[in-house]
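>>> Could you work out the structure for the sequence below:
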Amino acid sequence: MPDEKSVDGGKKIFTVSSLTSDIKAVIESGFAGLWVEGEISNFKVYPSGHAYFDLKDDKALLNAVMWKGSRKYLKFEPKQGDHVVCRGRLSVYEKYGKYQLVAESMEPKGLGALQAEFEALKKKLKAEGLFDQERKNPLPYIPWSVGIVTSPAGAVIKDIIRTLNRRFPGLHIILNPVRVQGDGAAKEIARAIFEFNEYGKVDVMIVGRGGGSLEDLWAFNEEEVARAIASSAIPVVSAVGHETDFTIADFVADLRASTPTAAAEMVAPEREAIENAIDEFVERMTGQLRDTVESNRQDIDGLTGRAARAISHDLALVSGRLNAVYLHLGAVSPSKKLELRREKLLELQRAMARGVSRLFEALNIKIVNLTGRLTALKPERWIDTRRQIVEQYAKDM
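Alright, predicted model coming up:
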């Protein structure tokens, strides 16, 4: 029997392999780049990284495969029962005479419409300026109270609370629990943001949830959530999904965190580092004050020394002049001259006394002024006041 095909008595005869080969050529050339919608069944990922599954509806079933290189680009994890749309091509496995869909991409049913809605809202809000950096609020350096808008169940809230308590023990944490996906979730999230603003006793908010598909995260792409964040007087950190997930809430928020845990790290500084910085500041200011006090004391000591030397010098001059007068009186003995010289001497002594008195008064004024300056510094009281401030600050924390 011929290997390929032959004509026997007018009959066109195919071998199994030749027929299968022809079918393969027709199918693979005629069904490339097609879209197939169906429900996932028997989804399984093998150690090789390739995924094998079935697509079915109520009337038929189609075998399918997604190679590792295509699967790594999926934005969600397919599971049993998911209604999806796959783009790919048909392939025939000649050995068993079977055909299958080689899926090159996969998205949940309706994702295309959701993506178009996402882009339209993003364009609209951007045109309104809601994404502008100028309108965003800075985060407080030290928040005393943090508001959290997320689900009360699951790992997200636990991770946030654990991270906040580790970085800043004693921080006041308030949870406003909401649903983070499904019908009504967006309305609950928006209302929780408004409620925190009405409450007015939180310094910053974290709004977020864990990862998921575009459909799972859709509540954070709703316009009412975006406008609630944009209108918040309290700074909002958006923490939705994983690092590769972006939502409208991320663009509107004052700051975007790649994960909820990262949001907690952005919000809460390390308390120990702040306390160390305060201690260093107090020590530096105390040293500067001590230097100022010592400098003023040296100024007073120097002024006192100069005054003493000036007085000694003036007294020496007076003493010299007195000695000269006495010598002159000894040389001229007539009584009238003696009386005249005595009067001049007394006048000189009085003038000398007045000069010394004025000198001491000027010196006393300078000393009083310097003493007043030094007293005004009140180093002990200043240090004590700063110590009380730091102690009160530590108690508050």
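>>> For the rest of this, base every contact and every neighbour count on C-alpha atoms.
Fine.
>>> can you map out the helices along the chain?
Along the chain, counting by DSSP state H, helices occupy 16-30, 68-71, 111-127, 155-167, 185-199, 223-230, 248-252, 260-267, 271-331, 335-377, 379-396.
>>> mean pLDDT for those: which is lowest?
Among the helices of the chain, helix 379-396 carries the lowest mean pLDDT, at a mean of 59.
>>> Just give the nearest non-adjacent residue to the residue most central in space within the chain, would you?
Centroid-nearest residue in the chain: residue 266, 3.5 Å away (criterion: C-alpha atoms, centre = their mean). Once flanking residues are discounted, residue 266 sits nearest to residue 257: 7.8 Å by C-alpha to C-alpha, 6 or more residues apart in numbering.
>>> How many neighbouring residues does that neighbour have?
22 (other C-alpha atoms under 10 Å).
>>> And for residue 141?
11.
>>> List the contacts of it.
Shown in contact with residue 141 (C-alpha atoms under 8 Å, 6 or more residues apart in numbering): residue 269.
>>> from here on, count from 11
In the new numbering, first residue 11, that becomes residue 151.
>>> mind checking how far the residue nearest to the centre of the chain is from residue 215?
11 Å (C-alpha to C-alpha, to the nearest Å).
>>> Quick one: low-confidence residue ranges for the stretch 11-160 of the chain.
11-20, 121-123 (pLDDT under 70).
>>> Tell me where it has strands.
Counting by DSSP state E, counting those that start in this stretch, the stretch 11-160 of the chain has strands at residues 15-18, 21-24, 42-55, 61-66, 71-76, 93-103, 108-118, 155-160.
>>> which one of those is the most hemmed in?
Among these, ranked by average contacts under mean count of other C-alpha atoms under 10 Å, first place goes to strand 155-160 (a mean of 23).
>>> so it versus helix 165-177, what angle?
If you take axes from the mean of the first three to the mean of the last three C-alpha atoms, to 10 degrees, strand 155-160 sits at 160 degrees to helix 165-177.
>>> List the neighbouring strands of strand 155-160 plus their orientation.
Sheet pairing of strand 155-160 (DSSP bridges) gives strand 182-187 (parallel), strand 214-219 (parallel).
>>> any idea how far the first one is from the chain center?
Averaging C-alpha coordinates over strand 182-187 and over its chain gives two centres that are 19 Å apart (C-alpha atoms, centre = their mean, to the nearest Å).
>>> Please identify the buried residues of it?
183, 184, 185, 186, 187 (16 or more other C-alpha atoms under 10 Å).
>>> how about the strands paired with strand 155-160 in CSV, adding mean pLDDT and distance to residue 63?
Formatted as CSV, the strands paired with strand 155-160 follow (pLDDT from 0 to 100; distance: least, C-alpha to C-alpha, whole Å):
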stretch, mean pLDDT, distance to residue 63
strand 182-187, 97, 38
strand 214-219, 97, 30
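>>> could you dump those to JSON lines with distance to residue 326?
Formatted as JSON lines, the strands paired with strand 155-160 follow (distance: least, C-alpha to C-alpha, whole Å):
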{"stretch": "strand 182-187", "distance to residue 326": "77"}
{"stretch": "strand 214-219", "distance to residue 326": "77"}
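>>> which residues does residue 87 contact?
Residue 87 neighbours (C-alpha under 8 Å, 6+ apart): residue 223.
>>> so which of the strands paired with strand 155-160 comes closest to residue 90?
Of all those, strand 214-219 sits nearest to residue 90, with 23.4 Å by C-alpha to C-alpha.
>>> what inclination does the closest one have with respect to helix 270-277?
Here the directions of strand 214-219 and helix 270-277 differ by 170 degrees (the same axes, to 10 degrees).
>>> Alpha carbons only: can I get strand 214-219 in CSV?
Taking C-alpha atoms only, strand 214-219 is exported to CSV below (Å, rounded to 0.1, in the frame of the first residue of the first chain):
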residue,chain,number,x,y,z
VAL,A,214,-3.4,59.4,57.5
MET,A,215,-5.4,56.6,55.8
ILE,A,216,-4.4,53.4,54.1
VAL,A,217,-7.0,52.1,51.6
GLY,A,218,-6.3,48.8,50.0
ARG,A,219,-6.6,45.0,49.6
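>>> burial measure for residue 79, as a count.
By other C-alpha under 10 Å, 10 other residues sit near residue 79.
>>> same question, the one 3 residues further on
Residues near residue 82, counting by other C-alpha under 10 Å, number 13.
>>> ditto for residue 217
27.
>>> Make sure it is actually in contact with residue 166.
No: applying C-alpha atoms under 8 Å as the test, residue 217 and residue 166 come out as separate, 10.9 Å apart.
>>> Common neighbours of the two, please.
Common neighbours of residue 217 and residue 166 (C-alpha under 8 Å, 6+ apart) are residue 160.
>>> thought residue 239 was touching residue 248?
No: applying C-alpha under 8 Å as the test, residue 239 and residue 248 come out as separate, 9.1 Å apart.
>>> more crowded one of the two?
Higher neighbour count among residue 239 and residue 248: residue 248, with 30 against 27, using other C-alpha under 10 Å.
>>> who's the more buried one bridged to?
Legend: beta-bridge partners of residue 248 under DSSP bridges are residue 217, residue 266.
>>> List the residues that contact it.
Applying C-alpha under 8 Å, 6+ apart, the residues near residue 248 are 216, 217, 218, 259, 260, 263, 264, 265, 266, 267, 273.
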